[in-house]
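A.B. asks: Need coordinates for the below:
(chains A, B, C and D)
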Number of protein chains: 4
Amino acid sequence: MIKAGVIGATGYAGIELVRLLLAHPQIEKITVSSVSFEGQNITDIYPNLRGFFGTNYVSGKNCKGSGILVDADTAVTESDIVFTALPHGLAEKYANRCINEHKKLIDLSADFRFDQDETTFKKWYKKDWEYPEVHKESVYGLPELNRRKIKDARVIGNPGCYVTSATLALLPVLKNDLINQDPIIIDSKSGTTGAGRKPSMTNNASECSESCSAYNIGAHRHQPEIEHNLTSASGRNYGVIFTPHLLPMSRGIISDIYAPLKSDIQDRLETSNTEELINVFHNIYTDFFKNEPFVRILPIGETPKTKNVRGTNFCDISVHLVHNNTMLQLISVLDNTVKGASGQAIQNMNIMYGFNETDGLGLVPAAF
Amino acid sequence: MIKAGVIGATGYAGIELVRLLLAHPQIEKITVSSVSFEGQNITDIYPNLRGFFGTNYVSGKNCKGSGILVDADTAVTESDIVFTALPHGLAEKYANRCINEHKKLIDLSADFRFDQDETTFKKWYKKDWEYPEVHKESVYGLPELNRRKIKDARVIGNPGCYVTSATLALLPVLKNDLINQDPIIIDSKSGTTGAGRKPSMTNNASECSESCSAYNIGAHRHQPEIEHNLTSASGRNYGVIFTPHLLPMSRGIISDIYAPLKSDIQDRLETSNTEELINVFHNIYTDFFKNEPFVRILPIGETPKTKNVRGTNFCDISVHLVHNNTMLQLISVLDNTVKGASGQAIQNMNIMYGFNETDGLGLVPAAF
Amino acid sequence: MIKAGVIGATGYAGIELVRLLLAHPQIEKITVSSVSFEGQNITDIYPNLRGFFGTNYVSGKNCKGSGILVDADTAVTESDIVFTALPHGLAEKYANRCINEHKKLIDLSADFRFDQDETTFKKWYKKDWEYPEVHKESVYGLPELNRRKIKDARVIGNPGCYVTSATLALLPVLKNDLINQDPIIIDSKSGTTGAGRKPSMTNNASECSESCSAYNIGAHRHQPEIEHNLTSASGRNYGVIFTPHLLPMSRGIISDIYAPLKSDIQDRLETSNTEELINVFHNIYTDFFKNEPFVRILPIGETPKTKNVRGTNFCDISVHLVHNNTMLQLISVLDNTVKGASGQAIQNMNIMYGFNETDGLGLVPAAF
Amino acid sequence: MIKAGVIGATGYAGIELVRLLLAHPQIEKITVSSVSFEGQNITDIYPNLRGFFGTNYVSGKNCKGSGILVDADTAVTESDIVFTALPHGLAEKYANRCINEHKKLIDLSADFRFDQDETTFKKWYKKDWEYPEVHKESVYGLPELNRRKIKDARVIGNPGCYVTSATLALLPVLKNDLINQDPIIIDSKSGTTGAGRKPSMTNNASECSESCSAYNIGAHRHQPEIEHNLTSASGRNYGVIFTPHLLPMSRGIISDIYAPLKSDIQDRLETSNTEELINVFHNIYTDFFKNEPFVRILPIGETPKTKNVRGTNFCDISVHLVHNNTMLQLISVLDNTVKGASGQAIQNMNIMYGFNETDGLGLVPAAF
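C.D. replies: Here you go, the predicted model:
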């Protein structure tokens, strides 16, 4: 049993973390922190959690904590593991303190998503690193890519939501060097929680409902993170065209990925028969993820649906050959607030502490 | 052909007015005003209107205007009729100027909704009247109640959205003195546009989607306005219990109204037969509204749907007898931004200028 | 550890039961049955459950079962407890068999919702009872009303969704005889899952989205069930006006209940002070439900939101005095598919077997 | 003034046609036909249209017709122009009759979408042509491509919804031979009305809400129609990868199109400067559509939103250069039921009869 702190607990990533921590069997205490609402009880801001903190705790679970929002430093003091869900650029100092005090930290911003590549971070996030030494030991927290490193890490950079959907779908073909390096087209669609809690015209209900739009063409910060991952996984450089869209729903991401196959692929796979080819690719995928608890490869011919993973830590992926077997199409769905953020953070924590990797994440997807 | 000005053109009521004015056959020019966006083109804020102003006007309609947002005084100067769609308490001075300059004004705030009753306005809106004389000649702009007065009015107080749905449904029984005065229960549900354009947690898409909630129990400002109307229509005082709700959709109001029938009703209507009774009530309704272009009384046994009036100026009403014929239940639907706001304002303008009352409002409701 | 069977597993109530059973710590095997899809795997119809049955079970939970849909009799044979989620009138024979074979049955249809009152059942459901003796020992499964009887029951009639929201809100004032018997107005609004899985125009997405409508005025089958409950709880007869509505969302019910207070209420409560009165009523509610794990009484002045209970077994209730303290207004929200159906069935099972009442129901409501 | 008949009036394309015809200034009579509902009044099935047919016509418009649904042959007899909105394969005989009787016909199915190419039609629609001679004079009804031919046509094949969004976006670069022939990736997303009125699990509200999914990978019938159009427009063959998706909303399509630029493009356009290049492309687009009333090219840097064209006949297109100016990305939005179906049919009718092309289509897009 450990104690967890959530800094930035009232943002969407933060509050989803709290939801998952409250049901986690290994968490004995949750300390919540918020600059905006310090001193208030978190259940006043999020009445959905009423009854889950303090003495009236209804569910019978064993999690302590009053629900009163404290300052960030207190949250660190009170905790074994700290989750930072803050605007980009603010996690370093807490990470530094955690390292010094032999605590662990998982950051849900972009601060630790680029390993040692400060240049790319600065280019896209317009900030310098203040504690470069912290980055030397931070690990990028995508378990399907980095599980072994995560096990021993003290600071984790939790991946971006779109990034997770795209990277997971591409890992098997990267490892097997099956696709051309240029260009991979990623057409992604996300629910409105991706825009965060802060009210704006972008997430105004009257503007979002009954509408779909693209945004940040060629300029979204998840593009360099995807490219960084593809290189991490393969040692090669891949060029990505990434287009995000806003969907009229709250949770869920669906990414369509179009990757050109290498021209010698039929020779290498020793068949030009369509049915055999798709079987080979499908086997590559089921084999690659066979021990992964949260990645589900759909049967050949099926396509995923964001609803089927809503509220859970699953990523469902389908594999298709199109354009006369010259192009691989992958469709990947996940819940941007769970596997795309807070659920993945819990998964990382489980790995770091040697818990069952599915602890607190055994959520069964609902049909509707 | 007249010239129209819209002050507060970038709010939801304002922009819906602009949509309707652009298709109006009697409007030769629209001048738009906004404090927040002065100097910008309205199509930069509302790209849905691109092509409808200035030289690239695509639809072939005859409406002039550049779309550049000007200050409020310029909008008055340029116009024959001025629409004010501002926060409560700001319309009086423009109304005063319009009267002095022999222009007309229709206000979409609550400033002119209480006739001479400054006390009730002050109690609920916490503001004094600065130009009491303007209120002496303002008319409450519910055509089905006040058509004759509207015809000669120079200043119109356009009704509230919930208020319109409730008042229209009750007018026939008020005129015929068929219901008890106390209490009439009005349970109303509205889309998110009712919360306005200003981003807030209340209209954040991620919070609104897949949710319904009540708000302002016993404290919504539309309650005194409904009570004021019931008295205006009947000369009697009625007590109202009004509960508004927020629906996960953008447009539309549905009001369920439960009104206890007078105990002697079966004697007065000379029947205790259920079928005959409902026919009598249904006839009262169809007869009352038989010349009204925008009120549709549904056949006996049917219930209205907000979708059937979406985007149009209709109010659909159904009439039911329940609880062993002791209670009248009315269900009333309208689009809060059209018959509940901007469409009704256009209807008032049409009456004031002797245009066809349906000019610019001949919108056919879509099935989906 | 017990074995559970679900007959009618592919309907909405059935599949939600399966979701909850899969996460239940006391269930060692789930057998699923469906007439329409017999022989297929349930994950082919509901891909959201892929990985939760059979050997690939990803979550690490201990639940057995292949997921193959069998006939109903096999499901009974394989199980200790049987859940029937069938059209009305089909559960009796399985209940009879379960009694004979010393198994337990929880029925989610209306077949066992009227205790011994066959007349009312026949009037509203147009069916005779074939096994009257089964009804003699069936218990109405509302734990907050009948917990003791449920403990020893072998056949449970699980309450209707609207009925649960209304009955829970009224129980405290019924027990204390605080309201008039006539009429209690219940204005309820439900998500589309209430219309079931079978495709129809009523639940066609294009018709439902962006719309709200009332239906079955004065004729919904949940009205006699509510009236039956009010009598069960109080020994008195209450007259109910019940109006259901369809909301543009999938899950959730919100019920507004308007109940006239007895005229001597201020004498009996020994105060006419508004603040004191509301405190007295609020205390009655918090006290009545103080040991209930799934009913949350909101603080005075707050109103509930369906989103705050979505996907969970909670019922949130707010208490208001309106109309000069002569009328009690209650607002009650729950998830129609959980506390309104399958979650309540699990709660009943937990009581029947002496499990922790919250086992398998410790779901933390999400903020969005 | 002409008389119009709609065969298949109660499907979604049919009823949207009726909505538009009711507001059309040149239509003096509408005869509606339906196999399923023959003899009923269309307003019983679509109460949104109550008051628009027969003597109680509220809007003051001049359109005759009783609203009674007749058989198809009667609809032809009563009309100058016939719209067929039937399942694929049923329009030929009505087209043949119309030609013989000097009437005109616009078909909204796929029957006349492939010009003389019966082979492709048979391959994808599994039906033979029964009246090959009719196809010899049918014209594909995309005004921006075929306006001159449409003017003199007697039979029109109205384009598919996805097809219109993709073809319009590609026309300018096809005409100028700026992109590679292989492959063009089209990632499209559509609202639920695209799945039609017939209830099914695909369009069940509880399954659609809060979800997005892809379907028919590499197998959607709009792919060959797009390829046919690209050849019609350019004389060259282009290979297309087309992926449709279902969005949780009722109306609207957004298509993302990724087209590789020819490698000599910078030589041909005489610049390698990014800003100059995007200006050149943007000018090509604004110039190409400069006289088109329903295509709006967005300013450089903006992206379109389906809401901005909802309910209207507009197609909004944005133009982007991505991947170091080697790839053209086009984003195209339209309302699948208007410019993607019934509005385009009205536009075709206007052209065929020499009406103003915008008659009956001057709908101003709403902001919400």
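A.B. asks: So for stretch A:99-110, what gets flagged as buried?
C.D. replies: The neighbour-count check on stretch A:99-110 (16 or more other CB atoms under 10 Å in any protein chain shown) flags A:Ile99, A:Lys103, A:Lys104, A:Leu105, A:Ile106, A:Asp107, A:Leu108, A:Ser109, A:Ala110 as buried. (Each C-beta comes from the backbone N, C-alpha and C, glycine too.)
A.B. asks: Any figure for the gap between the nearest residue in space to A:Lys136 that is not next to it in sequence and A:Tyr140?
C.D. replies: Using CB to CB, 6 or more residues apart in numbering or on different chains and skipping the chain neighbours, the partner closest in space to A:Lys136 is A:Gln116 (7.1 Å). A:Gln116 is 11 Å from A:Tyr140, where distance means CB to CB, to the nearest Å.
A.B. asks: who's more crowded, the two?
C.D. replies: Neighbour count, other CB atoms under 10 Å in any protein chain shown: between A:Gln116 and A:Tyr140, A:Tyr140 has more, with 24 against 11.
A.B. asks: need the contact list for the more buried one.
C.D. replies: Each residue near A:Tyr140 by CB atoms under 8 Å, 6 or more residues apart in numbering or on different chains is listed here: A:Phe112, A:Arg113, A:Asp115, A:Asn146, A:Ile156, A:Gly157, A:Pro159, A:Asn229, A:Ser232.
A.B. asks: Among the residues you listed, which one lies nearest to chain D?
C.D. replies: Relative to chain D, the closest of these is A:Asn229; by CB to the nearest CB it sits at 18.1 Å.
A.B. asks: Just give the closest residue to that closest one, not the sequence neighbours.
C.D. replies: A:Thr167 (4.5 Å).
A.B. asks: That neighbour touches A:Thr231, doesn't it?
C.D. replies: No - counting by CB atoms under 8 Å, A:Thr167 stays clear of A:Thr231, with 11.1 Å between them.
A.B. asks: Could you confirm whether the helix or strand containing A:Thr43 reaches chain B?
C.D. replies: Assessed by DSSP states H and E, A:Thr43 sits inside helix A:42-45. No - under the criterion of CB under 8 Å from any CB of the partner chain, helix A:42-45 makes no contact with chain B; the nearest approach is 9.1 Å.
A.B. asks: How far does that helix sit from its chain's centre?
C.D. replies: Helix A:42-45 has its C-alpha centroid displaced from the chain centroid by 25 Å (CA atoms, centre = their mean, to the nearest Å).
A.B. asks: Against which helices or strands is it packed?
C.D. replies: Under the contact criterion of 3 or more CB pairs under 8 Å, 6 or more residues apart in numbering or on different chains; DSSP states H and E, helix A:42-45 touches no helix or strand at all.
A.B. asks: ok, back up a step: any idea how far the residue nearest to A:Asn229 lies from chain B?
C.D. replies: Separation of A:Thr167 from chain B (CB to the nearest CB, to the nearest Å): 25 Å.
A.B. asks: Now do the same for that residue: helix, strand or coil?
C.D. replies: The three-state assignment at A:Thr167 reads helix, by DSSP: H, G, I helix; E, B strand; the rest coil.
A.B. asks: residues contacting it?
C.D. replies: Each residue near A:Thr167 by CB under 8 Å, 6+ apart is listed here: A:Leu142, A:Leu145, A:Pro159, A:Ile226, A:Asn229, A:Leu230, A:Ala233.
A.B. asks: the strands in the stretch 201-350 of chain A, which residues?
C.D. replies: Using DSSP state E, counting those that start in this stretch, the strands of the stretch 201-350 of chain A run over A:213-214, A:240-246, A:253-260, A:295-297, A:315-322, A:327-334.
A.B. asks: An error on my part: the question was meant for the stretch 1-150 of chain A.
C.D. replies: A:2-7, A:27-33, A:81-84, A:104-107, A:138-140.
A.B. asks: wait, which of those is closest to C:Glu38?
C.D. replies: For C:Glu38, the closest of the strands of the stretch 1-150 of chain A is strand A:27-33, at 42.9 Å, according to CB to CB.
A.B. asks: How far off centre is that closest one?
C.D. replies: Offset of strand A:27-33 from its chain centre (CA atoms, centre = their mean): 21 Å.
A.B. asks: Does anything pack onto it? Which helices or strands?
C.D. replies: Contacts defined by 3+ CB pairs under 8 Å, 6+ apart place strand A:27-33 against strand A:2-7, helix A:12-22, helix A:72-77.
A.B. asks: Any part of the longest one near chain B?
C.D. replies: Yes - under the criterion of CB under 8 Å from any CB, chain B is reached by helix A:12-22 at A:Tyr12.
A.B. asks: quick one: contacts of that helix?
C.D. replies: A:4, A:6-9, A:27, A:30, A:32, A:34, A:42, A:46, A:49, A:52, A:59, A:61, A:63, A:83, A:85, A:108, A:193, A:196-197, A:337-338, A:341-343, A:345-346, A:360-361, B:206, C:364-368.
A.B. asks: Shouldn't A:Asn186 be within a helix?
C.D. replies: No Asn there; residue A:186 is Ile. No - read with three-state DSSP, A:Ile186 is strand and lies in no helix.
A.B. asks: Excluding covalently adjacent residues, which one is nearest to the residue of the stretch 51-200 of chain A found nearest chain B?
C.D. replies: Residue nearest to chain B within the stretch 51-200 of chain A: A:Pro199 (3.5 Å; CB to the nearest CB). Distances taken as CB to CB, 6+ apart put B:Pro199 closest to A:Pro199, at 3.5 Å, once the chain neighbours are dropped.
A.B. asks: you'd agree the one you found is up against A:Gly196?
C.D. replies: No - assessed by CB under 8 Å, B:Pro199 is found out of contact with A:Gly196, at 11.7 Å.
A.B. asks: what residues are shared contacts of those two?
C.D. replies: In contact with both B:Pro199 and A:Gly196: A:Asn203, using CB under 8 Å, 6+ apart.
A.B. asks: quick one on the thing from earlier: looking at the contacts of A:Thr167, which one is closest to C:Arg268?
C.D. replies: Looking across the contacts of A:Thr167 and measuring by CB to CB, the closest to C:Arg268 is A:Pro159, at 61.9 Å.
A.B. asks: which regions of the stretch 251-368 of chain A lie under the pLDDT threshold?
C.D. replies: Along the stretch 251-368 of chain A, segments meeting pLDDT under 70 are nowhere present.
A.B. asks: Which residues of the stretch 201-350 of chain A lie near chain B?
C.D. replies: A:Met201, A:Asn203, A:Asn204, A:Ala205, A:Ser206, A:Glu207, A:Cys208, A:Ser209, A:Glu210, A:Pro248, A:Met249, A:Ser250.
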